[in-house]
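Trainee: sharing a model that was predicted from the sequence below.
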There are 6 protein chains.
Amino acid sequence: MADFEEAQDKLVLGGARPPLQDPQERRVVAYHESGHTLVAWLTPAADAVHKVTVMAHGRALGVTQQLPGEDRHNYSRSELLARLAVLLGGRTAEEIVFGDVTTGAESDLTGATRLARRMVTRWGMGDLGLVAFQTDEEHPFLGYELAQGHDYSEATAARIDQEVQRLLAERHTYAHQLLMEARESLDQLAQALLQEETLGQEALVRLLGPRPAMAEEKPD
Amino acid sequence: MADFEEAQDKLVLGGARPPLQDPQERRVVAYHESGHTLVAWLTPAADAVHKVTVMAHGRALGVTQQLPGEDRHNYSRSELLARLAVLLGGRTAEEIVFGDVTTGAESDLTGATRLARRMVTRWGMGDLGLVAFQTDEEHPFLGYELAQGHDYSEATAARIDQEVQRLLAERHTYAHQLLMEARESLDQLAQALLQEETLGQEALVRLLGPRPAMAEEKPD
Amino acid sequence: MADFEEAQDKLVLGGARPPLQDPQERRVVAYHESGHTLVAWLTPAADAVHKVTVMAHGRALGVTQQLPGEDRHNYSRSELLARLAVLLGGRTAEEIVFGDVTTGAESDLTGATRLARRMVTRWGMGDLGLVAFQTDEEHPFLGYELAQGHDYSEATAARIDQEVQRLLAERHTYAHQLLMEARESLDQLAQALLQEETLGQEALVRLLGPRPAMAEEKPD
Amino acid sequence: MADFEEAQDKLVLGGARPPLQDPQERRVVAYHESGHTLVAWLTPAADAVHKVTVMAHGRALGVTQQLPGEDRHNYSRSELLARLAVLLGGRTAEEIVFGDVTTGAESDLTGATRLARRMVTRWGMGDLGLVAFQTDEEHPFLGYELAQGHDYSEATAARIDQEVQRLLAERHTYAHQLLMEARESLDQLAQALLQEETLGQEALVRLLGPRPAMAEEKPD
Amino acid sequence: MADFEEAQDKLVLGGARPPLQDPQERRVVAYHESGHTLVAWLTPAADAVHKVTVMAHGRALGVTQQLPGEDRHNYSRSELLARLAVLLGGRTAEEIVFGDVTTGAESDLTGATRLARRMVTRWGMGDLGLVAFQTDEEHPFLGYELAQGHDYSEATAARIDQEVQRLLAERHTYAHQLLMEARESLDQLAQALLQEETLGQEALVRLLGPRPAMAEEKPD
Amino acid sequence: MADFEEAQDKLVLGGARPPLQDPQERRVVAYHESGHTLVAWLTPAADAVHKVTVMAHGRALGVTQQLPGEDRHNYSRSELLARLAVLLGGRTAEEIVFGDVTTGAESDLTGATRLARRMVTRWGMGDLGLVAFQTDEEHPFLGYELAQGHDYSEATAARIDQEVQRLLAERHTYAHQLLMEARESLDQLAQALLQEETLGQEALVRLLGPRPAMAEEKPD
């Protein structure tokens, strides 16, 4: 079984690499992945975490794996807000624990920004109202390279940027509060990762308790 | 007959897909289509709805089909405003019923925005007066990819965006009021869709009563 | 003779099409063409109308044909202002009579906007003074597609747009006043078009009386 | 001799065309060319006029021919200001005499604007100081078509436009004053052109007297 | 051994060139390299300097070589701030000592600006918050040449520039204070470089004493 | 020897051309070159002038030749400021002496503007601080033609333009004061050039006295 799982991981994540040499760098990665995991665990609308590891795979120094609940077609605004918070959770843990941050969050930030931009420009989920814009992203081949491919004014471009940054700033604040309140769990999770290197769902339940039920409250 | 109708639908909409698994996702789709249908039913200048379904076809999870009254050449401003309201009706129903919204309105928003932009830039139906602008859209091949293809200033681009967003915001408010006042019909329609999966014109008349006559009042 | 005239019309306008089915649509077209015709008839600097029809030709649902007075090389500002007013006369009649407007004015608005832009940017006939700008229009092949082909600043582009919109707004006001004062003639003309389908110069003189002489007053 | 001169004119200007049919159009052209000629005659820094005609050549309906004083390499600011005034003199005469203006000044305005732009951007002769800008004009092949080829900011582009328009407006005012004060000569010159069609230097001296000597005053 | 080291240097830096002729130019280079070295020596988060030379190699008139502490994957904000300060240290020494500056800092400024821009746009290390932007740099082939390849508004572009300049200005101030306080060491180091031409780690320790331990304080 | 020098000049400057015909044009050129020469002679940080001529070579109507002091690698800010002043000195002399200016300074202005722009954008010598920008100039092949190749915002572009114009305006003021104070030398130099056509270093020392020693003062 273990062999099969390893093979599957290799397919998805790239082969495992030798462990990091530098102890401080290992600590940063452990807290970064713990941040992702803990925000997902404590946010009801987020997809469940079934595995987290500080074993480097491909270019990633650590991985937090989530499973969507079922075969889904549409996503609600509250689910997407949860996803933003999970993406920002790694960097937020670095800030809280080390008072310094690293370049390791680059792909998290890229992904969160792109998702927030889609919420604002395609799905009418920002404060610009029910409107959809043709953005540069939709021309994968020529769009970025050749021109300002969007169909809106500079004034609208500035409002879109403001909305994107507002969405991200609010989820950053949310993740920060969540992790500050659960600081003890964050330390335990990072500690366990440094010792065990990889934690599955059972180990997570043992460490963190069961996930809170999906709240009935409306999103902000 | 049923076979023929199925074949025709397949041609237009893509083949039917297996029903949605997730009950919450089915409810969202049922209310979304009910929103389109009810706004069209209650807006005299809108085209008549002859069929609505929550059976997924191709990429769409549900479909509301309208028939234009006759072979038409021109469209009046009031007819286009009605069309905008119908397009926004699906998302508006989601807001009212669930207090959350989904990514499912993407093509509605794209279509409504494009229509509103044409009203402002080609047909002199916004507050910019009797003027027509060469927009990016008219260069389907090179326009978007290669350059800022329009022939007006940034200041005018910003005024166009404002007008487009004003038109959409006003129709959103209109649809919201209409559906709030007809909330009972909205629930009945969604309930019927969840049970029957597809409703034809006769079923709609039975549920909603006859459509109101075309009002004689002028548009705003 | 009639055959010859038909052949000539077909050459210029595209073949005649079957009459419009929808009575309301026919009324809109009749008033639209009557608006063009009446503004031309009552504006001394405009070219004479020699024929107007609500028979659809090619893509046009109706046609108002004007004849320039003689073989001309240059055009004066007052003649061009008259041409703008005639172009806007069709839509203006729709506003006055129906309180609603249609998409049918698209090519009128495009033509009027392009003419107003040339008056401002090439012929020094706006408030920007004696100056000529290289605009995008002059690069029919590459200009629009590839780049912002003009040689002036965004601030100047905004002033050009303002001037273009001012010229159009003033002619719109002029046409509106003219048609309001001549509302009775407008109704008679539209009525005659609905009955006769096509009116030549003699019929127009019978309906509207002789054209006013060219005024000696200076243009605004 | 006359044959030789005709041949030479044909080479430079295109073949002569049949005279204009419309008497009003002939009057406009006669005053337009008289405006060019009179401003040149009365502005000491302008090149001497040796011939003026209202015979149409190629696309031009009239021609005013000037001869530079000697083989020149550089041009002074005062000479270029004189050239701007001569270029604007034709349109200015139309304004004064007819209270209306025509499209016939298009190439004058294009030439004057291009010259004024070079004074500001290449030769440090505007209020922007001793600075030279790379403008779009210097890329005859690709510049206009493909991109915003200049190397300065939008703010500078706006200041350049202001300077260009200021230079042109000041020369317009100068030409207007000059022609208002010499209105009698303007009428005589136009009258003579309508009768004679072409006037050489001797006829001009007979009509207008000798040219004023080059003033010693500094340019503004 | 010396031969091997020379060969290695040649590979990395290009072959050594004849010494500079002009004594003032040699002094400027000696102080410039001493500035880089001293800022690195006194900033705990900076990589260690193991060699500094005023022998010209390839296009560089002097070289300061640093060794990263271990095989690193991520970099922290405080390490990157230290790197900025080291890059600006050469120019800063010129300012302090000569009251004049030279073109010799061009590649330092280019490198520091590019690094600061990445901190702001990719790694969320500026005041714009946790957001990542697609910048022009990421399209090495087409990006710069063909278009404005970034996906943000002019307003955001201006904020990015402000952040980049703020980061650089703060590190400039830091380097200035550090070198003013250590002016005596700066003079000794430059003097030694003018005499010895190249200094290794042992010579540096003898001149400057041991490097200060990594401070525990948080970055600003 | 003279033959060799002539051959060398021909190589560098293009062959000598016949002298200017127009006496006023010769006077303008003589004062223009005297302006360059005198500003260089009186500015300690400027390269030494070894020859000045009003014989036309290639496209230039006159030439002032400077020799850099030694084989140089870097240039200081004060040397570059001196170079700007020398470049502007020709036009400045025209202003002072004739109260009018000519198109003859075009290449001086282009060169001075390009140099000032590099000081601001590459070498951190303006008020923007220690920062380097990727400008359009660095893409000689595609940069200008195809796109806005720079990597900074419009706001930064405007600040760069302001700095460039400030640097040029300050050097213009400096050159103006210098030449006003040395007006007598300017007249003598121009007179000598009109008589001798070419002056070597010895003749310059005889006319102007020895160059002032390099001042110890810091640049502004």
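Mentor: Structure received.

Trainee: when you work out contacts or count neighbours from here on, use the C-alpha atoms and nothing else.
Mentor: Noted.

Trainee: longest helix of chain A?
Mentor: Longest helix in chain A by number of residues (criterion: DSSP state H): helix A:154-181.

Trainee: show me which residues of it are buried.
Mentor: A:154-169, A:171-172, A:174-176, A:178-179 (16 or more other CA atoms under 10 Å in any protein chain shown).

Trainee: what do you get for stretch A:92-102?
Mentor: By neighbour count on 16+ other CA under 10 Å, the buried set for stretch A:92-102 is A:92-97, A:100-102.

Trainee: and which of those residues is nearest A:Gly58?
Mentor: A:Thr102 (18.6 Å; CA to CA).

Trainee: neighbours of the nearest residue to that closest one once chain neighbours are set aside, how many?
Mentor: Spatially, and ignoring its direct neighbours in sequence, A:Thr102 is nearest to E:Ser76 (4.0 Å; CA to CA, 6 or more residues apart in numbering or on different chains). Look at E:Ser76: counted by other CA atoms under 10 Å in any protein chain shown, it has 17 neighbours.

Trainee: now A:Thr64
Mentor: Neighbour count of A:Thr64, defined by other CA under 10 Å: 21.

Trainee: what do you get for A:Ala45?
Mentor: Number of residues near A:Ala45 (other CA under 10 Å) recorded here: 19.

Trainee: checking it next. Helix, strand or coil?
Mentor: Classification of A:Ala45 by DSSP: H, G, I helix; E, B strand; the rest coil places it in coil.

Trainee: surely it meets A:Leu84?
Mentor: No. When contacts are counted by CA atoms under 8 Å, A:Ala45 is not listed as touching A:Leu84 (11.1 Å).

Trainee: is stretch A:175-185 anywhere near chain E?
Mentor: No. Stretch A:175-185 stays clear of chain E (CA under 8 Å from any CA of the partner chain), getting no nearer than 12.0 Å.

Trainee: hang on, the earlier thing: what's near enough to touch the residue nearest to A:Thr102?
Mentor: By CA atoms under 8 Å, 6 or more residues apart in numbering or on different chains, the contact list for E:Ser76 reads A:100-103.

Trainee: how near is A:Val49 to A:Leu67?
Mentor: 6 Å (CA to CA, to the nearest Å).

Trainee: who's more crowded, the two?
Mentor: Ranked by neighbour count (other CA under 10 Å), A:Val49 and A:Leu67 place A:Val49 first, with 20 against 11.

Trainee: assumed the more buried one was part of a strand.
Mentor: Yes. Counting by three-state DSSP, A:Val49 is part of a strand.

Trainee: who's in contact with it?
Mentor: A:Val49 is in contact with A:37, A:40-41, A:64-67, A:201, counting by CA under 8 Å, 6+ apart.

Trainee: could you identify the buried members of these?
Mentor: Buried members of the contacts of A:Val49, scored by 16+ other CA under 10 Å, are A:37, A:40-41, A:64.

Trainee: ranking helices and strands of chain A by mean pLDDT, which lands last?
Mentor: helix A:143-146 (a mean of 35; mean pLDDT, DSSP states H and E).

Trainee: nearest to chain D, of the contacts of E:Ser76?
Mentor: For these, the residue nearest chain D by CA to the nearest CA is A:Thr103; the value is 33.5 Å.

Trainee: show me the strands in chain A, by range?
Mentor: Secondary structure of chain A by DSSP state E: the strands cover A:48-53, A:63-67, A:198-200.

Trainee: in JSON lines: those, plus mean pLDDT.
Mentor: Shown next, in JSON lines, are these (pLDDT from 0 to 100):
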{"stretch": "strand A:48-53", "mean pLDDT": "92"}
{"stretch": "strand A:63-67", "mean pLDDT": "86"}
{"stretch": "strand A:198-200", "mean pLDDT": "95"}
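
Trainee: out of those, which gets nearest to C:Trp123?
Mentor: strand A:63-67 (66.0 Å).

Trainee: who does the closest one pair up with?
Mentor: The pairing partners recorded for strand A:63-67 under DSSP bridges are strand A:48-53 (antiparallel).

Trainee: how about the closest residue in space to A:Gln188 that isn't next to it in sequence, what does it touch?
Mentor: Nearest non-adjacent residue to A:Gln188, counting by CA to CA, 6+ apart: A:Leu207, 7.5 Å away. A:Leu207 makes contact with A:185, A:188-189 under the criterion CA under 8 Å, 6+ apart.

Trainee: which of those are buried? Put it as a PyMOL command.
Mentor: Buried subset of the contacts of A:Leu207, written as a PyMOL selection, criterion 16+ other CA under 10 Å:
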select buried, chain A and resi 185+189
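
Trainee: reformat the contacts of A:Leu207 as a markdown table; add pLDDT.
Mentor: Formatted as a markdown table, the contacts of A:Leu207 follow (pLDDT from 0 to 100):
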| residue | pLDDT |
| --- | --- |
| A:Ser185 | 97 |
| A:Gln188 | 97 |
| A:Leu189 | 97 |
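
Trainee: just the ones of the contacts of A:Leu207 in helices?
Mentor: Reading helices off the contacts of A:Leu207 with DSSP H, I get A:185, A:188-189.

Trainee: understood, closing this out.
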